[in-house]
Every structure is written in structure tokens, then in C-alpha cells.
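In: with the input below, show me the fold.
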Amino acid sequence: MTDQAQSEILENNPIGKGLDAFRTSFNSICEDRTISCTPDALGQLAQEDIQTLTIGLLSALLNLPAIRLLRSKTSHGTLRSDLLKLNSAVSSDNFHFDRTKPLLTAALTDNRDDALIWDQVYNAVTESTPPPQLIPSSFQQTPWLRNTKSQ
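Out: Numbering: from 1, shown residues only. Next comes the predicted model:
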């Protein structure tokens with residue numbers, strides 16, 4: 001997909017008020033914690049609050065019309081498929097939220113820029129994950145020796 005085609009999709013399918021419920025949730029959490037309701041507050045919130053906000057934001061993004069039109073940069077499908085995978089990862093207990101904080105910040109900024117938000121969505125879904133760690137075996141295996149030579 002060309003940048004022009006993507007720009008046209010974003011222009012024809014603006015986010016508009018599509019993230020209002022997410023922003024309301026953020027404001028409610030901040031007010032409950034008696035902290036300022038600015039994007040800087042993300043650094044003061046507990047992991048559970050960040051997880052709740054991230055899931056809320058991803059759910060809101062999944063309901064936007066543009067998500068079904070924007071192409072994936074990691075597979076042959078749409079960005080929606082990538083976002084669903086990210087949503088699943090966010091729900092796990094070992095997800096690192098540094099991956100989504102720039103997206104949360106972009107969505108909470110007063111002067112919102114749709115293109116910046118979508119760029120941050122792409123960044124969040126395409127950020128590489130570290131390879132699985134090898135767990136050393138607790139015992140050494142000795143290979144079987146088999147003599148197949150006839151005598």
C-alpha cells in the first residue's frame with residue numbers, strides 16, 4: 001500500500017470520537033489515583049492500570065472503520081489482524097508495556113493527530129519480540145550407541 005493510499009484511508013475514515021471511551025477511562029483512573037490527567041501520568045500508574053488502559057485502547061481501535069482497510073506490515077492481512085494478536089499479548093502476564101506506551105501517549109495527547117496514532121499502532125504491532133530463552137536441561141543425555149555392523 002502506498003503512503004498516498006494510506007493517507008486517503010485515514011482522511012476518509014477519521015478517528016473522530018472513536019477513542020472517547022478510552023480517554024474517559026484514563027481520566028477516571030487518574031482521578032481515582034489523584035494524579036494529573038495528562039499523558040505524563042502513564043509513568044505513575046500501576047502495571048494493572050496500564051494493562052486496563054491498553055486493552056481499552058486496543059478495543060476502541062478495533063472498532064474504527066480504518067482498521068479493516070489499513071494493510072498489515074507484518075502479514076498479508078489487515079492491520080486488524082495484527083492488532084488482535086497484540087491484544088492477546090497484552091492480556092498475558094508477562095507483556096512489557098513499554099511497547100505500547102508511545103501509542104497510549106499519542107492517543108491521550110490534546111492535539112491528536114490521526115496519522116501519528118496509526119503510526120504508533122504500526123510500531124506497537126511490528127516491534128520485534130525477543131526470541132524464547134533456552135532452558136538448560138537438568139540432566140545430560142548420552143546418545144545411544146548402536147552397532148549395526150553384522151558379524
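In: and the gap between residue 110 and residue 43?
Out: Shown here: residue 110 relative to residue 43, a distance of 18 Å by C-beta to C-beta, to the nearest Å. From N, CA and C alone the C-beta is placed, and that goes for glycine too.
In: neighbour count winner among those two?
Out: Shown here are residue 110 and residue 43; by other C-beta atoms under 10 Å, residue 43 has more neighbours (10 against 6).
In: quick one: that one from residue 92, how far?
Out: Going from residue 43 to residue 92 by C-beta to C-beta gives 22 Å.
In: now swap in residue 36 and tell me
Out: In terms of C-beta to C-beta, residue 36 sits 30 Å off from residue 92.
In: neighbour-wise, which of those two wins?
Out: Using other C-beta under 10 Å, the more surrounded residue of residue 36 and residue 92 is residue 36, with 11 against 8.
In: secondary structure class of that one, three-state.
Out: coil (DSSP: H, G, I helix; E, B strand; the rest coil).
In: list the contacts for it?
Out: Residues near residue 36 by C-beta atoms under 8 Å, 6 or more residues apart in numbering: residue 30.
In: report how many residues lie close to residue 34.
Out: Residues lying near residue 34 (other C-beta under 10 Å) number 6.
In: what score does it have for pLDDT?
Out: Listed pLDDT for residue 34 reads 95.
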